[in-house]
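**Q** Mind folding the following:
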Amino acid sequence: MFTVNLQNNDLPKSLRYKELATTLSALLDNEREFLPNMSNMASFLYFSLNDINWCGFFLVKNGDLLLGPFQGKPACVRIEIGKGVCGTSAQNRESVIVEDVNNFPGHIACDVDSRSEIVIPLLKDGKLLGVLDIDSPTLARFDQEDKMGLEKLVSILLEHSDCY
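**A** This is a model prediction of the structure:
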């Protein structure tokens, strides 16, 4: 049985992300299926990161982003590419950090308690598969260290998964 310490949040952020990367690699090590790996990663991050209220994936399907595995309150099911923070990240194929979602033009409010957001695109072999979306009830919760750490975690997910 795999066990993980999700409570070690006293480390500096850069070291915490290194620890999370090591643990995520071990968590995904014996499974190649994308869906269960995303499910475990969403849960792992939800219970490992401080001060977040939603963590999950949206996957490209028929030209839109369709809700995938997540932790948190019920969410928007479908987001158009180019709309909201997730759709913008998907369209531009780059990570997006939003300090205050109320100041993001076209923000899609799935949870009124969310105040800041970070979205990381899932890119494999040049193909956009979807995005990782994480929300926080705190303004300016996410920074460049989070961006770099989460991009590394997404790369671990994609390396350990047979994506379709």
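**Q** Let me see the ranges of the strands in the chain.
**A** 54-61, 64-72, 78-80, 96-98, 116-124, 127-136 (DSSP state E).
**Q** Please name whichever of those strands is nearest to Leu150.
**A** Of all those, strand 116-124 sits nearest to Leu150, with 5.0 Å by Cβ to Cβ. Where you see a C-beta, it was placed from the backbone N, CA and C, and this is true even at glycine.
**Q** name the helices or strands packed onto the closest one?
**A** Counting contacts by 3 or more Cβ pairs under 8 Å, 6 or more residues apart in numbering; DSSP states H and E, strand 116-124 is packed against helix 84-92, strand 96-98, strand 127-136, helix 144-159.
**Q** what's the closest of the ones you listed to Gln71?
**A** strand 127-136 (10.0 Å).
**Q** what are the pairing partners of the closest one, and which direction each?
**A** strand 54-61 (antiparallel), strand 116-124 (antiparallel) (DSSP bridges).
**Q** Which positions in it come out as buried?
**A** 128-136 (16 or more other Cβ atoms under 10 Å).
**Q** now swap in stretch 97-113 and tell me
**A** Of the residues in stretch 97-113, those buried (16+ other Cβ under 10 Å) are 97-98, 101, 104, 107, 110-111.
**Q** Ok, stretch 38-54 next?
**A** 38-46, 48-49, 52-54.
**Q** Just the mean pLDDT for stretch 10-17, thanks.
**A** In this model, stretch 10-17 has an average pLDDT of 90.
**Q** Adjust the sequence numbering to begin at 31 for everything that follows.
**A** Okay, residue one is now 31; in that scheme the one you just asked about reads as stretch 40-47.
**Q** Touching that stretch from outside, list them.
**A** Stretch 40-47 has contacts (Cβ atoms under 8 Å, 6 or more residues apart in numbering) with 38-39, 49, 175-176, 178-180, 182-183.
**Q** what's in contact with stretch 72-83?
**A** Counting by Cβ under 8 Å, 6+ apart, stretch 72-83 makes contact with 34, 36, 39, 50, 53-54, 57, 85-87, 99-103, 141, 143-144, 164-168, 171, 183, all of which sit outside it.
**Q** Just the buried ones from those residues?
**A** 50, 53-54, 57, 85-87, 99-102, 141, 144, 164-166, 171, 183.
**Q** low-confidence ranges in this structure?
**A** 31-39, 194 (pLDDT under 70).
**Q** Now do the residue minimising distance to the centre of the chain against Asn70, distance only.
**A** In the chain, the residue lying closest to the centroid (Cα atoms, centre = their mean) is Leu162, at 2.9 Å. To Asn70, Leu162 is 13 Å away according to Cβ to Cβ, to the nearest Å.
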